[in-house]
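>>> below is the sequence, then the predicted model.
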Amino acid sequence: MTKIAVIGGGTMGATFIRAVTSAGVVAIGDLMVCEVVSERRDWLTNEFLGLAVTSDLAEAVGCSELLYLSVKPQDLSSLNGDSGANSRLLISILAGSTIAEVQASTGAERIVRAMPNTPAQIGRGFTAWTATGGVTSEERALVSRLLDTMGEQLYVVDESAIDKITAVSGSGPAYVFLIIEAMINAAVNIGLRPDDARRMVLQTLSGSAEFARESGEHPAMLKDMVTSPGGTTAAGLRVLEQRGVRSAFIDAVAAAHQRAEELGRQ
C-alpha cells in the first residue's frame, strides 16, 4: 500500500486517519502524521495505536509517497521545494487554497484539491475533488478509494466547481445546524421539553433526508405528500414562504460562493 503522511493532525487530519484505517483501505503502519503541537501528538498516539507520530516535517515527507495536507493555509509555505513535497502526490484540503497556490508553494505537479465537509467525521460526509493532469489514472483511483471512506465523493474536471460545491456541501452543515437549532427552539416555545424536542427534530431531519434519498422523488413532490389542503403543514409552509425562507437559502449559497471565490483570489 502507498505510504501516506498526514501533514496536520487536527480534526480533519484525524478524521482521514480514522476513516481510511477503519475501512481497511490503509493499514495503520502505512501512515505517519506530522503535528507540531505536542499535546495533540500525545492525543494522536493514544487515539490511534500503532500510528507513527512526529513533529519533523522532513521525516514525514521522507517516509511517504502521498501527502495529505490538512494544515492551515498560512502554514503551506513550510512545504516548499526543499521539503521534498515536490516529488509526492499531494491531496490538499486547505480551504481557499487553489491548486496554483499549492503548486507555487510546493513545486509539486501531482496535486489533488479536495473539499470534505464536517459529517466526514462520522463517515457521512461529501467530498468534491479535482486533480492536475500529472495525476495518473491509477493515482486517481487511489484518491477515490481514500475519499470514499469519509462518505460520498465527486470528481469535478473544472476547479472552479470546488468553490460552488463549497458553498453548498462545505457550508451546508452550518445551514442545517441552524435549522435544527431553530426547530428545537420553536418546539420548546410551544411547550415541549428540550430533550424531547431535540430528539424529535434530529430524527425528523435525518429520517426525511433518508426518505428523500430512498424514494428518489423530487423534494417538491415529497413536500406535497405531507401537505394536506388547509392543514397544519400548509399553515406552517405558508409562513415560511411569506418570510422568504426559500429565497434566503438561495441568497446564502450565492453569498458563500462569492466569498469562496474571494478567498481563492487573496
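Yep, that arrived.

>>> after the strand or helix carrying Asp224 comes which helix or strand?
Applying DSSP states H and E as the criterion places Asp224 in helix 219-226. Downstream of helix 219-226, the first helix or strand assigned by DSSP H and E is helix 232-242.

>>> Ala252: neighbour count?
16 (other Cβ atoms under 10 Å). Glycine gets a C-beta too; all of them are placed from N, C-alpha and C.

>>> any idea how far Thr2 is from the spatially closest residue to Thr136 that is not a sequence neighbour?
Nearest non-adjacent residue to Thr136, counting by Cβ to Cβ, 6 or more residues apart in numbering: Arg110, 7.9 Å away. Applying Cβ to Cβ, to the nearest Å, the value for Arg110 to Thr2 is 12 Å.

>>> next: Ala100.
25 Å.

>>> same question, Leu178
Leu178 is 39 Å from Thr2, by Cβ to Cβ.

>>> and for Ala114?
Ala114 is 16 Å from Thr2, by Cβ to Cβ.

>>> same drill for those two, tell me which one is more crowded.
Neighbour count, other Cβ under 10 Å: between Ala114 and Thr2, Ala114 has more, with 23 against 12.

>>> A helix includes that one, no?
No: with DSSP: H, G, I helix; E, B strand; the rest coil as the criterion, Ala114 is assigned strand and is not in a helix.

>>> that one bridge partners, please.
Following DSSP bridges, Ala114 is listed with bridge partners Trp129.

>>> thought Val112 was touching Leu146, still the case?
No: applying Cβ atoms under 8 Å as the test, Leu146 and Val112 come out as separate, 9.5 Å apart.

>>> between these two, which contacts overlap?
Residues touching both Leu146 and Val112 comprise Ile91, with contact defined as Cβ atoms under 8 Å, 6 or more residues apart in numbering.

>>> and Met32, helix, strand or coil?
On the basis of three-state DSSP, Met32 is classed as strand.

>>> so where's the stretch 51-200 of the chain shaky on pLDDT?
81-82 (pLDDT under 70).

>>> try it again at 90.
71-86, 95-97, 105 (pLDDT under 90).

>>> next, please give the residue ranges for the helices of it.
Ranges of helices in the stretch 51-200 of the chain, per DSSP state H, counting those that start in this stretch, are 57-62, 99-106, 137-148, 160-165, 172-189, 194-215.

>>> with Arg41 as the reference, measure out to Ala52.
11 Å.

>>> ok, and the closest non-adjacent residue to Ser105?
Nearest one to Ser105, counting by Cβ to Cβ, 6+ apart, is Leu76 at 4.9 Å.

>>> you'd agree that neighbour is up against Glu101?
Yes: judged on Cβ under 8 Å, Leu76 makes contact with Glu101 at a distance of 7.1 Å.

>>> what number of residues lie near Leu51?
When neighbours are counted by other Cβ under 10 Å, Leu51 comes out with 19.

>>> repeat for Gly244
Gly244: 11 neighbours (other Cβ under 10 Å).

>>> what separates it from Ala234, distance-wise?
For Gly244, the distance to Ala234 - Cβ to Cβ - is 18 Å.

>>> and Ala212, by the same measure?
20 Å.

>>> got it, and Glu210?
24 Å.

>>> quick one: end-to-end length of stretch 120-139, please.
21 Å (Cα to Cα, to the nearest Å).

>>> same check, this time on stretch 45-60
15 Å.

>>> list the buried residues of it.
By neighbour count with 16 or more other Cβ atoms under 10 Å, stretch 45-60 contains the buried residues Thr45, Phe48, Leu51, Ala52, Val53, Thr54, Leu57, Ala60.

>>> please apply the same query to stretch 172-183.
Buried residues in stretch 172-183 (16+ other Cβ under 10 Å): Gly172, Met183.

>>> can you count the residues close to the residue nearest to Arg198 when sequence neighbours are not counted?
In this structure, Arg198 finds its nearest non-sequential neighbour in Ile184, 5.4 Å apart by Cβ to Cβ, 6+ apart. Using other Cβ under 10 Å, Ile184 is surrounded by 20 other residues.
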